[in-house]
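Trainee: A structural model of the following input is requested.
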Amino acid sequence: LFQQLQFGVRAFDLRLCADSSQKIPMLAHGPGMRYQTLDAALDEIETFVTKYPSEVVIITVKVEQRNILSFEKEAELYPRAFERLRDKLIPVEAIDEPIGEI
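Mentor: Now for the predicted structure:
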């Protein structure tokens with residue numbers, strides 16, 4: 001993801017499934033295609049927005065294969081995904097503000 005960010009990509013649709021142990025959330029797109037862990041992806045995004053604080057990255061997260069996600073409840077997954085990026089998120093109350101003023 002970091003290389004994609006360097007090339008100008010600013011929006012990511014992160015689709016999640018479980019690894020073979022059913023415990024680690026993995027990025028996936030389609031059956032059998034697992035790329036990296038969610039934590040590794042968030043590490044790369046966090047590194048980028050820390051290095052380039054004026055950049056905006058849009059992230060959506062969706063559980064792709066609900067039937068195999070036994071590693072944790074889906075409701076707990078989203079807060080976990082963004083807890084580390086909390087200080088980098090645009091607050092809801094500032095959603096209508098120009099980016100340069102946030």
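Trainee: list the contacts of the residue nearest to Ala11 when sequence neighbours are not counted.
Mentor: Excluding the flanking residues, the one nearest Ala11 by C-beta to C-beta, 6 or more residues apart in numbering is Ile58, at 4.2 Å. The C-beta positions use only the backbone N, C-alpha and C, and glycine is treated the same way. Ile58 is in contact with 10-12, counting by C-beta atoms under 8 Å, 6 or more residues apart in numbering.
Trainee: can you pull out the helices in this structure?
Mentor: Under the criterion DSSP state H, the chain carries helices at the ranges 2-6, 38-51, 74-83.
Trainee: just send those helices back as TSV, with distance to Pro91 too.
Mentor: Supplementary listing: the helices of the chain in TSV, determined by distance: least, C-beta to C-beta, whole Å:
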stretch	distance to Pro91
helix 2-6	22
helix 38-51	15
helix 74-83	13
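Trainee: and whichever strand in the chain runs longest, what's buried?
Mentor: Determined from DSSP state E, the single longest strand within the chain is strand 11-18. Using 16 or more other C-beta atoms under 10 Å as the test for burial, strand 11-18 gives 12, 14-18.
Trainee: out of these, which one sits closest to Met26?
Mentor: Distance to Met26 across the buried residues of strand 11-18 (C-beta to C-beta) is lowest for Cys17, with 5.7 Å.
Trainee: from memory that closest one sits against Ile24, does it?
Mentor: No - look at Cys17 against Ile24 with C-beta atoms under 8 Å: they stay out of range, at 10.0 Å.
Trainee: hmm, which two among the buried residues of strand 11-18 are most spread apart?
Mentor: Based on C-beta to C-beta, the longest span within those runs between Phe12 and Ala18 and measures 19.4 Å.
Trainee: which residues of this protein score low on pLDDT?
Mentor: In the predicted model of the chain, residues 19-23, 30-34, 65-78, 80-81 satisfy pLDDT under 70.
Trainee: the same query, at a cut-off of 50, please.
Mentor: Applying pLDDT under 50 to the chain picks out residues 71.
Trainee: count the neighbours of Phe48 for me.
Mentor: Other residues within reach of Phe48, judged by other C-beta atoms under 10 Å, total 20.
Trainee: nope, Ala28 is what I meant
Mentor: Look at Ala28: counted by other C-beta under 10 Å, it has 20 neighbours.
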